[in-house]
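>>> Pasting a predicted model and its sequence here:
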Amino acid sequence: MPRLRHLPLRLQPDAARVVIRPFHVAVEPRGLNPSQRGRARRIVDSVLAMDARSCLAELGLVYQDFGDRHRDITEIFERRYRQMAAELDMPMALHAPCRALIGAYFCHEYSYAAAALMNPSIVPHPNQSGLAEGTMRFVLSLRAVGEGHISSVEFREGVVDADGNFELLPLPLVAMAVEGQVEQDVAMLMRERRTALSGTVLFPVTAAQRNGLEDLRLVRFVEDDGQVIYYGTYTAYSGTAIASELLTTADFNMLSLRPLDGDAARNKGMALFPRRIDGRYAMIGRQDGESLYFLQSDDLLRWDGGDWFAGPLHPWELVQIGNCGSPIELDEGWLLLTHGVGPVRKYAIGAMLLAKDDPRKVLGRSAVPILSPADDDREGYVPNVVYTCGAMALGRRLFLPYGIADSMVGFCWLDIDDLLAELV
């Protein structure tokens, strides 16, 4: 087992991190008598019946309770009012306090990371300016879980250097949920440039994502012409069904969330290679739920078929194996972090080295895990699990963030040469 340098930092769940989200109330058709009117119209009618002084007083209490907990809360209430006005066919010419108060009644505060933080992924930051040689700025994604076991994606920014020093940028005082538009199951989301990426939260926005965006696997993808774009595969969970989807962004300001099509996209845990192979997009998938497959496609949004190339082999992974993020290109080949499930459903992390010209050829794999639950990193929401959705190479060292017991996130370094020497 290669030697790991564990870092003391642990990212923990934090119930104090909150965002404003829509509070959904069923909307009944117009024309019903007062006894038949639903809650939404009753709330609106009650606010409209207030005199101006009462409306201002009630809105003042709202601002007193929540104004310093959220950025641009008046704009949030206005956007929510406009949504409800469209649903309820309300007039748009109401005075501003009345609009804001109606919007507030149809919002709620959500603690997006109260239950757990887990399954991180990491990529180089789009902005590498102003850094010392050997230092890299990065973007870290995290799966955050709140009330109702709803999964969202939050981001952190930080810097690492060649000596192994590591620092996360401070979180802003308030978090922001990304707003956007949804058309034909495609979500186009815009992060406000005046807010930091750290503290930005992506929530489910389509029916297919209703119960969560799970296990984002980010990759910095370089096209054949040198263009850089960031992709991220993730699992959309509706509450009854799963599907693979794709995040696309050039700079983490404008993001699109699109469903993937094809028989291979009906499974969890797809990870995109960081460049084309033989002119085609390439993925690692797991069509049978227990083994690894190599997939190629000319269409980034459609994935079919796939070639089996590795299944459970060693005792620590006999139940199933899967990828732990996008392959990392080395001179020696593609370094693929894997997870394995063993006795008593213990999740551990290992690795494989795949041939660069044909990733279906396994040149070496971990006979024992490189990271396994033990002692202080086995207790949590789901015990006996360590898991990652991606690591980052810096020179000949690997910076590895990892989830602990589906509850919190730890960090470690390992030497790539030591790791390759252990692959048999």
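That came through fine.

>>> So which elements touch the helix or strand of the chain with the lowest mean pLDDT?
Every helix and strand of the chain was ranked by mean pLDDT, DSSP states H and E. The lowest is strand 179-183, at a mean of 82. Applying 3 or more C-beta pairs under 8 Å, 6 or more residues apart in numbering; DSSP states H and E, one finds that strand 179-183 contacts strand 186-190. Every residue, glycine included, has its C-beta placed from N, CA and C.

>>> Give the buried residues for the strand it packs on.
For strand 186-190, burial by neighbour count (16 or more other C-beta atoms under 10 Å) applies to Ala187, Leu189.

>>> Spell out for me which residue occupies the centre of the chain.
Ranked by distance to the mean C-alpha position of the chain (C-alpha atoms, centre = their mean), the top residue is Val153 at 3.3 Å.

>>> gap between it and His125?
16 Å (C-beta to C-beta, to the nearest Å).

>>> same check, this time on Arg302
30 Å.

>>> So for those two, which sits in the more crowded spot?
Taking neighbours as other C-beta atoms under 10 Å, Arg302 and His125 compare with His125 leading, 21 against 14.

>>> isn't Leu295 right up against Ala282?
Yes - counting by C-beta atoms under 8 Å, Leu295 touches Ala282, with 6.8 Å between them.

>>> Quickly note the distance from Gly333 to Pro327.
For Gly333 relative to Pro327 (C-beta to C-beta), the value is 9 Å.

>>> what touches both of these two?
Taking C-beta atoms under 8 Å, 6 or more residues apart in numbering as the criterion, Gly333 and Pro327 both touch Leu354.

>>> Domain-wise, how is this protein divided?
Domains of the chain are assigned by automatic domain parsing as 4-16+112-422, 18-109.

>>> Can you flag the weakest of those by average pLDDT?
Here the domains of the chain differ in mean pLDDT, and the lowest is domain 18-109 at a mean of 87.

>>> quick revisit: deepest-packed of the domains of the chain, please.
Of all the domains of the chain, domain 4-16+112-422 has the most neighbours on average by mean count of other C-beta atoms under 10 Å, namely a mean of 18.

>>> ends of that one, how far apart?
13 Å (C-alpha to C-alpha, to the nearest Å).

>>> same check, this time on stretch 44-58
14 Å.

>>> List the contacts of Trp413.
Contacts of Trp413 by C-beta under 8 Å, 6+ apart are Leu4, Arg5, Leu7, Gly164, Arg397, Leu398, Phe399, Leu400.

>>> Mark which of those are part of helices, please.
Among the contacts of Trp413, no member falls in helices (DSSP state H).

>>> Could you find the closest non-adjacent residue to Ala405?
Gly380 (2.5 Å; C-beta to C-beta, 6 or more residues apart in numbering).

>>> Would you check that that neighbour makes contact with Gly403?
No - Gly380 lies out of contact with Gly403 (C-beta under 8 Å); the separation is 9.1 Å.

>>> next one: stretch 213-224 to chain centre, how far?
On the basis of C-alpha atoms, centre = their mean, to the nearest Å, stretch 213-224 sits 11 Å off its chain's mean C-alpha point.

>>> can you check stretch 199-219 too?
Going by C-alpha atoms, centre = their mean, where stretch 199-219 is centred and where its chain is centred differ by 6 Å.

>>> for stretch 381-400, same thing?
Relative to the mean C-alpha coordinate of its chain, stretch 381-400 is positioned 15 Å out (C-alpha atoms, centre = their mean).

>>> Please apply the same query to stretch 156-168.
Distance of stretch 156-168 from the chain centroid (C-alpha atoms, centre = their mean) equals 20 Å.

>>> which residues sit against that stretch?
Contacts of stretch 156-168 (C-beta under 8 Å, 6+ apart): 5, 7, 9, 11, 125, 131-132, 134-140, 142, 169, 171, 196-198, 392, 394-395, 397, 399, 411, 413.

>>> can we see that at 6 Å?
Gly134, Thr135, Met136, Arg137, Phe138, Leu140, Leu169, Leu197, Ser198, Gly395, Phe399, Trp413 (C-beta atoms under 6 Å, 6 or more residues apart in numbering).

>>> Perfect, I'm done here.
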